[in-house]
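S.K.: give me coordinates for this.
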Amino acid sequence: MRPKGAGESGGGTVLRAQRLGHGGSRDFATPGLGAARRRATTEHRREWLGGLWEAACAGRRLDGVALAAVGSLGRGDPGPFSDLDLVLLHHPRGLSGPDVAAFADRLWYPIWDSGLRLDHSVRTVTE
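M.R.: Numbering: from 1, shown residues only. Next up is the predicted model:
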């Protein structure tokens, strides 16, 4: 199951078009639309990332692994062209090193395919 907008031809053309229309308008001059657009963008990206998470888990429950949004998405303040700043946290007793890397790839590649810029890291809880 690929999340809507991920990996579509044209490098995520659908996702790019969607992020401009968040908030109900492509107008950037009307007062108040910026806040509505940021809320809609936050909701859309969180739902989209939730779908990526479910796909990466492939129906399995993964204990000791979490995805944290930091930066503008973590603050609930992304613009239509903001990058994603994500941290994949894991407990060493959960997934092993190679399994963590494979899981991270299942998250990162659909994001890259979508055309969104990604600043990412994988860290243990201690780190």
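
S.K.: give me the element the residue nearest the centre of the chain is part of.
M.R.: By CA atoms, centre = their mean, the chain has its centre lying nearest to L49, at 4.1 Å. In this structure, L49 sits in helix 33-57 according to DSSP states H and E.

S.K.: cool, and A66?
M.R.: In this assignment (DSSP H and E), A66 forms part of strand 65-70.

S.K.: next, the angle helix 33-57 makes with that strand.
M.R.: With axes from the mean of the first three to the mean of the last three CA atoms, to 10 degrees as the basis, strand 65-70 and helix 33-57 are set at 160 degrees to each other.

S.K.: partner strands of strand 65-70, parallel or antiparallel?
M.R.: According to DSSP bridges, strand 65-70 forms sheet pairs with strand 84-90 (antiparallel).

S.K.: which stretches of the protein have low pLDDT?
M.R.: 1-32 (pLDDT under 70).

S.K.: one more pass at 50, please.
M.R.: Scanning the chain for pLDDT under 50 picks out 1-11.

S.K.: before we move on, back to that, alpha carbons only: can I get the strand holding A66 in PDB?
M.R.: C-alpha atoms of strand 65-70 as PDB (Å, rounded to 0.1, in the frame of the first residue of the first chain):
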ATOM      1  CA  VAL A  65      10.500   2.500  17.300                       C
ATOM      2  CA  ALA A  66       9.000   6.000  16.800                       C
ATOM      3  CA  LEU A  67       9.000   8.700  14.200                       C
ATOM      4  CA  ALA A  68       9.300  12.300  15.500                       C
ATOM      5  CA  ALA A  69       8.600  15.400  13.400                       C
ATOM      6  CA  VAL A  70      10.800  18.300  14.400                       C
END
